[in-house]
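Q: Sequence plus the predicted model coming up.
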Amino acid sequence: MTPEHLRAGPDRELGRVFDRVADAYEAGRPGYPDELYRALAEVSGVRLDGATAVDVGAGTGKLALALRARGSRVVAVDPGAEMLARLRAKGTAGVAAVRGDGNALPLAGRSADLVTYGQSWHWLDPVASIAEARRVLRPGGAIAACWNLAHAAQADWLAAYEERLAEACPTYWGPARREWRVPPIAAAFEVVEERWIPWTRLAGIEEFLLDLRSHSYMAALSAEEADALVERQRAELRREFPGDVMSVPMRVYLVVGR
C-alpha cells in the first residue's frame, strides 16, 4: 500500500511492553503449521496468492512473512518500534511494516482482502478493532484471528510447567487458570467458522525458554524474578528432556468472520 493509506495512532504503551522482549519474541516464538494456511484459505474464501492482507499486531512478522511466502501482499501493523525493526531487518519485499494501532488502523477503507490477528486480537478493544477491520476490508473480504496454544491437557509435564507460571506470575493468563477461555472474537460476527488445528512443536530447551521470556506476564516481572523463574523451569525441563529436544503438544485456534 502507498503512503496515502496511512493515518496516525499507535498504542505506544502496548508497544513498549513487547519492545522489551523483542529479541526473545523473534528467537523463541514458534511459527504456525502449514495446515493453518490451508484452513484459512478454505474457510475465508480468500485466495492467499495475490490477496492484500493486513496483519494487525504483526510483531516480528511470524504470520505476516508466512502470508507473504504464500503470495499475499502484506501490511504488517504493530505499535512496537523494536518489534517492527526485527521485521524490517529481514528485508522482505512485499511486506510493508507500519507502526500503528489496531483500534484505529492507519489504512484507507476498502483496501484489503484479509485482516488477520496472530496472537494479538485480545490486546485490542473488541468493538473498535472489529469495526476498523470491517472498514478496511473490500466486499467479500474476511477477518481471521489465530492463537498458537500449548495443549497442556495432552502432557503432564506441560500442565506442571503452566502451573508454575500461574504461581509465579500475577498477570499470567493461560490453561492453568480455571477461568481461562479463548478470546471471544467469534461473538463479533454473524457468519463465523472456528477450527482447532493440532500440531507438535519440536524445540530445544533454550529456544522454549526464550519463548517464555517473550510473554507479557514475564515482562511484567522484575529481572530477578524472571531469571529465577526461567532457571526453575530450565531445571524441570532438563529432568523431563535429558536429550534437550522437546516434543510440545500444540493446537492453533482459528476463527474466521465474513
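A: Here it is on my side, so go on.

Q: C-alpha from now on. contacts and neighbour counts both.
A: Noted.

Q: Local confidence estimate at the nearest residue to residue 97 once chain neighbours are set aside?
A: If you skip the residues right next to it in sequence, residue 97 has residue 76 as its closest partner in space, 4.8 Å away by Cα to Cα, 6 or more residues apart in numbering. Per-residue confidence at residue 76 stands at 98 (pLDDT).

Q: Show me what secondary structure element comes after the one helix or strand in the chain whose mean pLDDT sits lowest.
A: In the chain, no helix or strand scores lower on mean pLDDT, DSSP states H and E than helix 12-19, which sits at a mean of 65. Once helix 12-19 ends, the next helix or strand along the chain (criterion: DSSP states H and E) is helix 22-28.

Q: Tell me how far that next one lies from the chain's centre.
A: Taking the mean C-alpha point of helix 22-28 and that of its whole chain, the gap between them comes to 12 Å (Cα atoms, centre = their mean, to the nearest Å).

Q: Check stretch 179-194 too.
A: 16 Å.

Q: do stretch 64-81 as well
A: With Cα atoms, centre = their mean, you get 12 Å for stretch 64-81.

Q: Between the two ends of it, what distance do you get?
A: Start to finish, the residues bounding stretch 64-81 are 16 Å apart (Cα to Cα, to the nearest Å).

Q: Going by neighbour count, which residues of that stretch are buried?
A: The neighbour-count check on stretch 64-81 (16 or more other Cα atoms under 10 Å) flags 64-68, 71-81 as buried.

Q: From the residues you listed, which land in strands?
A: Of the positions in those, 73-78 sit in strands, assigned by DSSP state E.

Q: Let me have these in TSV, adding distance to residue 138 as columns.
A: Shown next, in TSV, are those (distance: Cα to Cα, whole Å):
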residue	distance to residue 138
73	15
74	15
75	15
76	18
77	18
78	21
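
Q: Please give the element, helix or strand, for residue 199.
A: Using DSSP H and E, residue 199 falls in strand 192-204.

Q: after that strand, next one along is what?
A: Assigned by DSSP H and E, the successor of strand 192-204 is helix 205-213.

Q: Pull that following helix out as PDB, backbone CA atoms only.
A: Taking Å, rounded to 0.1, in the frame of the first residue of the first chain, the C-alpha atoms of helix 205-213 are listed here in PDB:
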ATOM      1  CA  ILE A 205      15.000 -26.200  25.900                       C
ATOM      2  CA  GLU A 206      16.800 -22.900  25.500                       C
ATOM      3  CA  GLU A 207      14.600 -22.000  22.500                       C
ATOM      4  CA  PHE A 208      11.500 -22.900  24.500                       C
ATOM      5  CA  LEU A 209      12.700 -20.700  27.400                       C
ATOM      6  CA  LEU A 210      13.200 -17.800  25.000                       C
ATOM      7  CA  ASP A 211       9.600 -18.200  24.100                       C
ATOM      8  CA  LEU A 212       8.700 -18.000  27.700                       C
ATOM      9  CA  ARG A 213      10.600 -14.700  28.100                       C
END
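
Q: neighbouring contacts of the top helix by length along the chain?
A: In the chain, with assignment by DSSP state H, the single longest helix is helix 223-240. Contact with helix 223-240 is made by 157, 161, 164-165, 168, 205-206, 209, 212-213, 218-219, 244, as judged by Cα atoms under 8 Å, 6 or more residues apart in numbering.

Q: Having no further points to raise, I will conclude here.
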